[in-house]
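J.: Below is the sequence, then the predicted model.
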Amino acid sequence: MLQKSKKIGQGCLMVLGILFLVLIVSVSFSDRREPATRATVPTFTPTTQTRVILPTVTPESPTPRPTPTPTPLPAFLARCLDVPTDKIRGIETGLTVGGGGWLDDKTAQAVRSNDYSKVFMIAAAIYGPGMGNGESIGIWASNDLDPALGIIMGVGGFGEEFSDWPKGSVSDAQITYVSDGVREAEDCVRYKQGRH
């Protein structure tokens, strides 16, 4: 009996295996789809030889940068002269600015006047209470730029008003604000101050 049951068991196993194979085969056939049809792409077959000419690209030459033209210097600068510090300190001894004042010797300039044989118009920024921050420029006339030589006279508004030097306008030379070299000396100082 044991043998008979063994044969039945083997037979059952065999039947189960066949059923399993049938199941797998049937599933794989039911999942099969029709192959997709490919879209046909038209092909171009030239009958004559076609030649394509591409444009040649040449690199553009760089645009030359314009050469900056130097700004011409104002004409009065050719007449500007530096004034020795000791000459400015000498003029400064005659200042009458209330509360004390001083002259800027770093930007002081002189111009030789064309109205007189040997007169220099000396301009310097005046600093002190109420005189602004270098905007007030005094003018003095001297017949020499050497600190130890020459006479000094006040010229125009600030030079006459804020110093006790003799007034140039009442001197024999009658040196005034409109005399040649006065405005130019003032312009020289403003240029040196960077206020041009």
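T.: Nice, thanks for sending it over. Residues are numbered from 1 along each chain as shown.
J.: Please enumerate the strands of this structure.
T.: Counting by DSSP state E, the segments of the chain that form strands are 81-82, 102-103, 109-112, 120-127, 133-142, 152-155.
J.: just those: most buried one?
T.: strand 120-127 (a mean of 26; mean count of other Cβ atoms under 10 Å). Where C-beta positions appear, they are placed from N, C-alpha and C, glycine not excepted.
J.: rewinding a little: columns distance to Val189 on top of the strands of the chain, output as a markdown table?
T.: Output for the strands of the chain, formatted as a markdown table (distance: least, Cβ to Cβ, whole Å):
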| stretch | distance to Val189 |
| --- | --- |
| strand 81-82 | 11 |
| strand 102-103 | 10 |
| strand 109-112 | 5 |
| strand 120-127 | 5 |
| strand 133-142 | 5 |
| strand 152-155 | 14 |
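J.: Could you tell me how far the residue most central in space within the chain is located from Asp144?
T.: Closest to where the C-alpha atoms of the chain average out (Cα atoms, centre = their mean) is Pro68, at 15.0 Å. Between Pro68 and Asp144 the computed distance is 42 Å (Cβ to Cβ, to the nearest Å).
J.: How about Pro62?
T.: Pro62 is 58 Å from Asp144, by Cβ to Cβ.
J.: With neighbour numbers in mind, choose between the two.
T.: Comparing Pro62 with Asp144 by other Cβ atoms under 10 Å, the one with more neighbours is Asp144, at 14 against 6.
J.: contacting residues for the more buried one?
T.: Each residue near Asp144 by Cβ atoms under 8 Å, 6 or more residues apart in numbering is listed here: Lys118, Phe120, Gly150.
J.: and the residue lying closest to the second one once chain neighbours are set aside, what are its bridge partners?
T.: When you say that, I think you mean Phe120. In space, and not counting its chain neighbours, Phe120 is closest to Ala110: 4.6 Å by Cβ to Cβ, 6 or more residues apart in numbering. Beta-bridge partners recorded for Ala110 (DSSP bridges): Leu81, Ile122.
J.: Next, work out how far apart Ala110 and Gln193 are.
T.: 15 Å.
J.: Quick one: low-confidence residue ranges for the protein.
T.: Scanning the chain with the threshold set as pLDDT under 70 gives 1-50, 52, 54, 57-59, 61.
J.: Nearest to Ser136 among the contacts of Asp144?
T.: When the contacts of Asp144 are ranked by distance to Ser136 (Cβ to Cβ), Phe120 comes first, at 20.3 Å.
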